[in-house]
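Asks: Take a look and give me a structure for this.
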Amino acid sequence: MSTQTAVLKKDITPQGSDYEIVRRAIEKISLDYRDQPSLEELAEEVGETPTGLQKLFTRWAGLSPKAFLQAVTLDHARRLLDSGMPLLETSFELGMSGPGRLHDLFVTHEAMSPGDYKTRGAGLTIRYGYHPSPFGTALIMATDRGLAGLAFSDPGEERAAFADMSSRWPNAIYVEDLAATGPYAARIFEPTLWRPDQPLHVVMIGTDFQVRVWEALLQIPMGKARTYSSIAASIGAPSASRAVGAANGANPLSFVVPCHRAIGKSGDLTGYHWGLTRKRAILGWEAGQVSS
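Replies: Sure, this is the predicted structure:
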């Protein structure tokens, strides 16, 4: 079994990271969502001026702080149920029905055979690298067949993210290779590079059931959400909502396979393997992409 650990040769967290400020603002919102904190209160909490915070959110998400908060509150999430209601409603529904309605990351995929999965990565070389992203540090893992893993971490948690991901395929050989993972990072987090004629190829390494759930997640467009129960029904296992939730949580291709678009029946965002604050951030960021 592999005992390799991550190699992180330098701190790649951008100075003045927008996400760090967004993360703190979301945490404030999550605690005080019933009070709907004002722009001035949020700015004071994160050490910014109201004008500075307004510009930061517009730059990071394409939304004003107020619009962003509306996109990530619990009350809003309750309106995202099985009808597939757009993430942004009323004035934010702009772009949902016109010619350029949704802009999503185009993905093609293949699944490793059950036999390959059972070897837990034996004979597999996985190249990895840490890269800045809109949602903190991204750990990207790739094989010769395509993208195999994407995880997130906050400063100081990079090695823990590597341990989490490598434990899924402990018999694989891990090689740090930023040249191999860099192009993935550049494409995944840059919407202007999301083109249907140049899809991102991913390889799914999981059980048959997990792969079926992950394939179903790929069918949820940006700006919409599905409940675990509706996902279970869509794969022909209507009584397997809990198992679907577990497979959702085990998704190794965060963001690319959009497990963040799965929510509870009540509209509760439930959880996210890389933190509920990050799930809120991703949903808010996607809301900005849809509105633009």
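Asks: chain center to stretch 189-209: distance?
Replies: 13 Å (CA atoms, centre = their mean, to the nearest Å).
Asks: Find the least confident helix or strand in the protein, judged by mean pLDDT.
Replies: helix 74-77 (a mean of 49; mean pLDDT, DSSP states H and E).
Asks: Give the rounded mean pLDDT of stretch 249-257.
Replies: Taken as a whole, stretch 249-257 has an average pLDDT of 93.
Asks: what residues does it touch?
Replies: With contact meaning CB atoms under 8 Å, 6 or more residues apart in numbering, stretch 249-257 is reached by 105, 107, 135, 141, 147-152, 165, 168, 188, 200, 202, 204-206, 210, 213-214, 217-218, 259-260, 271, 273-274, 282. Just so you know, the C-beta spots here come from the backbone N, C-alpha and C atoms, and that holds for glycine as well.
Asks: Can I get it in CSV? Just the C-alpha atoms.
Replies: Taking Å, rounded to 0.1, in the frame of the first residue of the first chain, the C-alpha atoms of stretch 249-257 are listed here in CSV:
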residue,chain,number,x,y,z
GLY,A,249,-20.1,12.8,-0.8
ALA,A,250,-17.5,10.4,-2.2
ASN,A,251,-17.3,12.2,-5.6
PRO,A,252,-13.6,12.6,-6.3
LEU,A,253,-14.2,15.2,-9.1
SER,A,254,-15.5,18.1,-7.1
PHE,A,255,-16.9,21.1,-9.1
VAL,A,256,-16.4,19.2,-12.4
VAL,A,257,-18.9,16.6,-11.4
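Asks: which of the contacts of stretch 249-257 are buried?
Replies: 105, 107, 135, 141, 147-152, 165, 168, 188, 200, 202, 204-206, 210, 213-214, 217-218, 259-260, 273-274, 282 (16 or more other CB atoms under 10 Å).
Asks: now, which of those lie within helices?
Replies: Met165, Ile188, Gln210, Val213, Trp214, Leu217, Ile282 (DSSP state H).
Asks: of these, closest to Ile26?
Replies: Relative to Ile26, the closest of these is Ile282; by CB to CB it sits at 10.6 Å.
Asks: tell me the contacts of the nearest residue to that closest one once chain neighbours are set aside?
Replies: Spatial nearest neighbour of Ile282, excluding adjacent residues (CB to CB, 6 or more residues apart in numbering): His260 at 4.8 Å. For His260, the contacting residues are Ser254, Tyr272, Lys279, Ile282, Leu283, by CB under 8 Å, 6+ apart.
Asks: any idea how far His260 lies from Trp285?
Replies: 10 Å (CB to CB, to the nearest Å).
Asks: thinking again about what came up before, quick check, nearest of the ones in helices among the buried ones among the contacts of stretch 249-257 to Leu56?
Replies: Using CB to CB, those come closest to Leu56 at Ile282, 16.9 Å.
Asks: Is that closest one in contact with Gly136, as I believe?
Replies: No. In this structure Ile282 lies outside contact range of Gly136 using CB atoms under 8 Å: 10.6 Å.
Asks: Run a quick neighbour tally on Tyr130.
Replies: 26 (other CB atoms under 10 Å).
Asks: Could you list the paired strands of the host helix or strand of it along with their orientation?
Replies: If you go by DSSP states H and E, Tyr130 is part of strand 125-133. If you go by DSSP bridges, strand 125-133 pairs up with strand 136-143 (antiparallel), strand 173-176 (parallel).
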